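> Test case, fold it:
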Amino acid sequence: MSKKSAPVAAAPAPKLKLGLPKGSLQDATLEKMAKAGWNITVSSRSYEPYVDDSELQIRLIRAQEISRYVELGYLDAGITGLDWIQENHSKVHEVGEFLFSKSTRQPTRWVLAVPEESSIQSVKDLEGKRVATEVVGLTKRWLKKNGVKAEVEFSWGATEVKARELVDAIVEVTETGSSLRANKLRIVETLLVSTPRLIANHTAWTDAWKRQKIETLALLLRGAIEAEAKVGLKMNIRESDLPKLLQSLPALRNPTVSSLSLAGWVAVETIIDESVVREFIPQLKAAGAEGIIEYPLNKVVY
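So this is what the prediction gives:
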């Protein structure tokens, strides 16, 4: 009797292991991922968030650690700040920079700060001093680059409080500087301006399937972020008034112009910066435009 061969198990579907930042960047990241097309649900009872894409495996990890896990290959890709990539000295492929909100969010800065009454005026004045910071590696390399020898100690938090009693200076992260000013500290120099980056493991980047998945993620994420600061406009106008209108229309590309069933009229559609639309719509009305419609955008892909 012939033996029946065992059925061959199907190869598991490929997955991309993606690390997203847990903590202060989490909400903004998940919001941008949703606008890009990936809905992620986080449960306090599960280490692995749910995502509506069977090809993605999401892990929420502290931003400080993501670049290390990407470099080591535990993650194929991840989103984290440039500051933590440099702090960890991680060897990863940088896919792109993503400003989470062009209209409101400012890049974070790591700055050298001292008490208002301190005699320290530049990095050179740190010679022989003590500095507290969370980014020890970044600070040490910055001091070395400037030829300064100082003691750098790791700070577990409340770094601003230490500047006046425990150390001579701090290196702290800020967006507006308001927290530093509230603690009567002044900024001496900026070490690094940091923005979120999408990074990839070098081996994963050479894998054709993973690279395409990462590039698709980057494309749609960038499109979602670009769309946040823009709106679409539709309007009708007499064809005779069109040349004058087109001279002043700040279109993303050339505006779309199409004929209407009503003779002598055309429809115009374009995309403009949301910041100027409130001043622009009255100008359109004055130029003869009618039926003006403003609508939000989900993505703008160049």
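
> hey, where'd the strands end up in the stretch 101-250 of the chain?
108-115, 130-133, 151-154, 169-174, 185-194, 196-200, 230-238 (DSSP state E, counting those that start in this stretch).

> got these as CSV, with distance to residue 296 columns?
For the C-beta atoms, the positions are set from N, CA and C on the backbone; glycine is no exception. Formatted as CSV, those follow (distance: least, C-beta to C-beta, whole Å):
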stretch, distance to residue 296
strand 108-115, 27
strand 130-133, 41
strand 151-154, 44
strand 169-174, 31
strand 185-194, 29
strand 196-200, 23
strand 230-238, 6
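
> wait, which of these is closest to residue 295?
Nearest to residue 295 among the strands of the stretch 101-250 of the chain is strand 230-238; the distance by C-beta to C-beta comes to 4.8 Å.

> Given the closest one, what are its sheet partners and their directions?
strand 265-273 (antiparallel), strand 290-296 (antiparallel) (DSSP bridges).

> what's the closest of the strands of the stretch 101-250 of the chain to residue 99?
Nearest of the strands of the stretch 101-250 of the chain (C-beta to C-beta): strand 196-200, 7.5 Å.

> Return the residues in contact with residue 96.
197-198, 218, 222 (C-beta atoms under 8 Å, 6 or more residues apart in numbering).

> Measure how the helix or strand encompassing it sits relative to strand 196-200, angle-wise.
In this assignment (DSSP states H and E), residue 96 forms part of strand 93-97. Orientation of strand 93-97 against strand 196-200 (axes from the mean of the first three to the mean of the last three C-alpha atoms, to 10 degrees) gives an angle of 150 degrees.

> Let me have the strands paired with strand 230-238 in JSON lines, extended by distance to residue 65, mean neighbour count and mean pLDDT.
Formatted as JSON lines, those follow (distance: least, C-beta to C-beta, whole Å; neighbours: other C-beta atoms under 10 Å; pLDDT from 0 to 100):
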{"stretch": "strand 265-273", "distance to residue 65": "37", "mean neighbour count": "17", "mean pLDDT": "92"}
{"stretch": "strand 290-296", "distance to residue 65": "35", "mean neighbour count": "12", "mean pLDDT": "94"}
